[in-house]
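A.B. asks: Take this sequence and fold it.
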Amino acid sequence: MTIEELIDDFPLFKASRLNSLYSAFQKNKQLNPEGYEANIRAWKSLFNKIIATDALNQDSILSITTYQPNLAELLALPKYGTPKNLDNILQEFIDTGVLIPNSLYTNARENYQTTVSGHFGILGVLNWNNWLQWRALKGFKVSDSGKLKNERYIHWDQLVNIGKQVARLISEKIVDNDPFLGDLLTLEMLREKLEQVIKNDKLEKPFHSLSLLDLKILLIYWERECDQCNSININNNTFIKWSPEKMRNEEISIINIKSTMLNLEKRQHELEDRIGKIDYKCVLKLDAELRKSKLSQLMQKKKFLLKALSTTNSQVMEVQGILHKLENARFNLDYVSTLKESSLVMQKYNKQVVLEDVEKIREDLDEEMEKIEEVSDVLAGGKPIVVDDVDDDELELELNQLQNEFENDIKNKQTEKKENSVTDSNTVSIDNSNLVKTGDAHNNESMMKAAAAVDEKRKDNESLGKEQEALVEKLTNMSIEENGTNPSLSENTKQTEQREQTEQAEQAEPLLI
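C.D. replies: Next comes the predicted model:
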């Protein structure tokens, strides 16, 4: 894609603004701050798209370079030429943390996230390397003597975003699914497996554009910033362990064995393809005198390839068996190491505990607890706290008073009930007399309502009498339980019950209407 095609689809680079965007607008930083900021935002958006889509074919979706190819020439337009303010644009991106010089990033020793943000934390402030990295980044200049430096610039946000997504792919699709020690591999193996995963899962951009250069940058990010892996470079071959644990020499040997197995598998596929391409029928297209010799050559070639394939198959199976054994051995080693560490921790803890000291502590604790009990007894006056019992005569007097009060309440309620009953009877008699004299249908209805009201009152009185009877029985039982059998109290209770029964019988007589 050319810069013209890219700008045509980019709304911030309208034709009316191109003259300003391609001019030396650095002076506007003081004279027209708003216009300067608008131009910087437009170029930032364009660079984001160029890097993320590799629109200028720089073989990276994480970074962009000033030369090889020449960035200024790639951005040039026929009418306006190269951007006159390109150096200041890049410098603004460096100062704001949008772009990071690759030379500083790859050579950094400490976590570069704190360098970009400038927030070191309490421990980070005391780290001299953090200060050196921060000063190097803040003092970096994109140009020297008016000419852009030959440098590659990493887009920080793109690195963080892609780094997290690809790391998840590696963990879920490669490490967990590899039957042979999936956490051990080389950079080239990682690239091939990623390409296979992206192809099988039909992942969209930008994953399919990941280059070897991008993987090298990502590897630094995963190892130093995320602590997800460890790597070591030996003879231009990068060995990777997808784990925070340091790589052991034995694991480097395992990676070499895996590389051998992958090479054997490639040879296996190549032999199968070559054997599949042999077609005996092609000899039929030749002259009769050449057919026999050509067929003989093809048959010999096929036998040779079949023999080579058989040998390769045996070698692949043998290496796979070795890898299985090595995986078991590594597991046993890790298990024994865990047991050893557990034993050392137990020994360390047990050394801090002496049995004689435990016994002495126990004795001292029991002694101090006895002292606490003695102090509590002294504070209590040396005597147990006792509550005096209630005098029997006082209890009997109180109970008789309660009984008399309850009986008086019953008598008053019975007197009031009798008065109400007489009044209700008189009312019913008057109503009956009036009904006989007049014979009016309306008075008959009133008579029925009055009779129903009297009957309802009678039921209420019966219910009240039952409740009173239950209360008397309950109080009588309480008196018997406290003082034993009391003849006088029992006699009073019987008289009260007889009166209640007589009154209920009188109330139960039917009313004559």
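A.B. asks: from here on, contacts and neighbour counts on C-alpha atoms
C.D. replies: Will do.
A.B. asks: Okay, and the spatially most central residue of the chain sits in which element?
C.D. replies: Centroid-nearest residue in the chain, with C-alpha atoms, centre = their mean: Arg168, separated by 16.2 Å. Taking DSSP states H and E as the definition, Arg168 sits inside helix 156-169.
A.B. asks: what bits of the stretch 1-150 of the chain have low per-residue confidence?
C.D. replies: Along the stretch 1-150 of the chain, the model assigns pLDDT under 70 to residues 1, 122-125.
A.B. asks: Which residue ranges of it form helices?
C.D. replies: Per DSSP state H, counting those that start in this stretch, the stretch 1-150 of the chain carries helices over the ranges 3-8, 18-21, 28-31, 33-53, 71-74, 86-95, 102-107, 112-117, 121-125, 128-138.
A.B. asks: Looking at those helices, spot the one closest to Leu159.
C.D. replies: Across the helices of the stretch 1-150 of the chain, Leu159 has its closest neighbour in helix 33-53 (9.9 Å, C-alpha to C-alpha).
A.B. asks: What lies in contact with that closest one?
C.D. replies: Contacts with helix 33-53, where a contact means C-alpha atoms under 8 Å, 6 or more residues apart in numbering, come from 10, 12-13, 20-21, 25-26, 28-29, 55-56, 60-64, 89, 93, 155, 158, 205-206.
A.B. asks: Buried subset of those residues as a ChimeraX selection?
C.D. replies: With 16 or more other C-alpha atoms under 10 Å as the criterion, this ChimeraX line picks the buried residues out of the contacts of helix 33-53:
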select :12,13,20,21,25,26,55,56,60,61,62,63,64,89,93,155,158
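A.B. asks: can you give me the offset of whichever helix or strand comes after the helix holding Arg168 from its chain's centre?
C.D. replies: With elements assigned by DSSP H and E, the helix or strand that comes after helix 156-169 is strand 184-186. Distance, stretch centre to chain centre, for strand 184-186: 30 Å (C-alpha atoms, centre = their mean, to the nearest Å).
A.B. asks: other SSEs contacting strand 184-186?
C.D. replies: Judged by 3 or more C-alpha pairs under 8 Å, 6 or more residues apart in numbering; DSSP states H and E, strand 184-186 is in contact with strand 237-241, helix 249-277.
A.B. asks: What separates the first and last residues of stretch 92-111, distance-wise?
C.D. replies: End-to-end distance for stretch 92-111, by C-alpha to C-alpha, to the nearest Å: 23 Å.
A.B. asks: Show me what that stretch is in contact with.
C.D. replies: 44, 90, 112, 116-117, 129-130, 133, 136-138, 140, 151-157, 217, 220, 224-225.
A.B. asks: quick one: buried residues of it?
C.D. replies: Going by 16+ other C-alpha under 10 Å, stretch 92-111 has these buried residues: 92-95, 97-102, 105, 108, 110-111.
A.B. asks: Would you mind measuring from the closest residue in space to Leu159 that isn't next to it in sequence to Trp242?
C.D. replies: Spatial nearest neighbour of Leu159, chain neighbours left out: Leu62 (5.8 Å); criterion: C-alpha to C-alpha, 6 or more residues apart in numbering. According to C-alpha to C-alpha, Leu62 and Trp242 sit 22 Å apart.
A.B. asks: repeat for Gln401
C.D. replies: Counting by C-alpha to C-alpha - Gln401 and Trp242 are separated by 93 Å.
A.B. asks: same thing with Gln68?
C.D. replies: For Gln68, the distance to Trp242 equals 33 Å [C-alpha to C-alpha].
A.B. asks: Kindly report the same for Pro11.
C.D. replies: Taking C-alpha to C-alpha, one finds Pro11 at 43 Å from Trp242.
A.B. asks: Neighbour count for those two, which is higher?
C.D. replies: The residue with more neighbours, out of Pro11 and Trp242 and counting by other C-alpha atoms under 10 Å, is Trp242; that gives 23 against 9.
A.B. asks: tell me which residues in stretch 230-248 are buried?
C.D. replies: Asn230, Ser231, Phe239, Ile240, Lys241, Trp242, Met247.
A.B. asks: check which helix or strand covers the closest residue to the fourth one other than its chain neighbours.
C.D. replies: Excluding the flanking residues, the one nearest Ile240 by C-alpha to C-alpha, 6+ apart is Ser231, at 4.4 Å. Here Ser231 is covered by strand 230-234, with elements defined by DSSP H and E.
A.B. asks: Give me the residue ranges of the protein where confidence is low.
C.D. replies: Residues of the chain meeting the criterion pLDDT under 70: 1, 122-125, 202-208, 381-390, 421-513.
A.B. asks: Mind naming the longest helix for it?
C.D. replies: helix 288-351 (DSSP state H).
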